[in-house]
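Visitor: Here's a sequence, model it:
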Amino acid sequence: MKSVSQQFKTLRDRSQCALIPFITAGDPDLETTAKALQVLDQSGADLIELGVPYSDPLADGPVIQAAATRALQRGVTLEAVLEVVKSVSPTLQAPIILFTYYNPILNRGIETFLQEISAAGVQGLVVPDLPLEEVESLLKPAATAGIEIILLVAPTSPKERIRAIAAQSQGFIYLVSVTGVTGMRSSLQTRVNTLLEELRSVTEKPIGVGFGVSQPEQAHQLMGWGADAVIVGSAFVNRLAEGQPAEGLTKIGDFCSQLKAALV
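Guide: Predicted coordinates:
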């Protein structure tokens with residue numbers, strides 16, 4: 001499987017904007033999660049972000065919070081999530097990026113956690129509550145484990161902090177498009193365009209935009225503004241949770257194809 005960086009290099013060589021869907025592991029169940037990863041991979045996803053259910057998801061809006069709560073109520077654990085990744089990752093073209101909060105990493109032990117997710121086939125890691133000042137604790141052991149640590153830039157970040165985050169982030173830089181939590185929005189803030197320009201002035205690394213993206217038209221707009229990747233979460237989580245699992249899988253496959261078609 002390609003690393004996150006390798007996948008972005010391939011896409012850049014083709015002048016393509018990446019599509020990164022997000023789903024919550026274990027919602028509606030782990031069997032469906034395994035199928036969903038394959039459906040997304042076959043429907044145009046270039047990378048896939050997989051959220052580990054957590055009891056206090058500070059960065060997540062109501063849709064993803066509800067999905068995490070349902071998964072936890074069904075007894076979904078990190079071990080079970082990694083078993084799914086291990087079983088499915090060899091069949092995927094899209095690298096898997098794990099999204100988890102810092103406490104489960106500390107609880108398990110940083111090196112142990114990184115080695116376990118690497119062995120399962122994870123290529124990248126997003127930790128939304130890990131501040132820049134603490135990221136060094138992950139970077140070196142992550143490099144040893146072959147995991148790329150993807151850092152987030154907030155809309156409120158001053159230019160010097162943007163520069164520092166860009167210097168440390170691996171794989172790509174995750175630009176948060178809104179002030180607040182994840183969730184579907186009907187329009188994009190024009191500040192995103194300015195932030196993309198600011199980031200581009202200090203780094204050549206790929207930039208992915210997420211939080212609030214829910215429509216093909218928005219994905220196309222972000223590509224036009226210069227984003228290297230569009231990250232879509234709540235809109236996928238919502239569709240996967242609707243109706244029976246088979247219906248949800250069909251819906252996310254169709255939606256993924258629509259989004260990918262918009263990124264041309």
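
Visitor: ok now the helix ranked longest in the chain, how far from the chain's centre?
Guide: The helix that spans the most residues within the chain, counting by DSSP state H, is helix 245-262. On the basis of Cα atoms, centre = their mean, to the nearest Å, helix 245-262 sits 17 Å off its chain's mean C-alpha point.

Visitor: buried sites along the helix-or-strand element of the chain with minimal mean pLDDT?
Guide: Ranking every helix and strand in the chain by mean pLDDT, DSSP states H and E puts helix 191-202 at the bottom, with a mean of 90. Residues of helix 191-202 classed as buried: 192-193, 195-196, 198-199, 202 (neighbour count, 16 or more other Cβ atoms under 10 Å). (Glycine included, C-beta is placed from N, CA and C.)

Visitor: Over to stretch 157-170?
Guide: Quick answer for stretch 157-170 (16+ other Cβ under 10 Å): 157, 162, 164-166, 169-170.

Visitor: what does that stretch contact?
Guide: With Cβ atoms under 8 Å, 6 or more residues apart in numbering as the test, stretch 157-170 has contacts from 4-5, 124, 132, 135, 139, 142, 148-153, 173, 195, 198-199, 202-203, 205.

Visitor: if we can go back for a sec, contacts made by the longest helix of the chain with the rest, please.
Guide: Here helix 245-262 has contacts from 19, 21, 23, 28-29, 31-32, 35-36, 39-40, 42-45, 216-217, 219-220, 223, 230, 232, 235-236, 239-243, using Cβ under 8 Å, 6+ apart.

Visitor: Are we agreed that Ile20 is in a strand?
Guide: Yes. Ile20 sits within a strand when classified using DSSP: H, G, I helix; E, B strand; the rest coil.

Visitor: Could you check how far it is from Leu240?
Guide: According to Cβ to Cβ, to the nearest Å, Ile20 stands 16 Å off from Leu240.

Visitor: Which residue, other than its chain neighbours, is closest to Pro28?
Guide: Excluding the flanking residues, the one nearest Pro28 by Cβ to Cβ, 6 or more residues apart in numbering is Pro245, at 5.7 Å.

Visitor: Can you get me a residue count around that neighbour?
Guide: 16 (other Cβ atoms under 10 Å).

Visitor: What ranges does the chain have for its strands?
Guide: Along the chain, counting by DSSP state E, strands occupy 18-24, 48-51, 96-99, 122-126, 148-150, 152-153, 173-176, 207-210, 229-232.

Visitor: Using PDB, write down the CA coordinates of the third one.
Guide: Think strand 96-99. What follows is the C-alpha trace of strand 96-99 in PDB, where atoms were taken according to Å, rounded to 0.1, in the frame of the first residue of the first chain:
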ATOM      1  CA  ILE A  96      -6.100   4.600   5.600                       C
ATOM      2  CA  ILE A  97      -5.700   7.500   7.900                       C
ATOM      3  CA  LEU A  98      -6.800   6.900  11.500                       C
ATOM      4  CA  PHE A  99      -8.600   9.700  13.300                       C
END
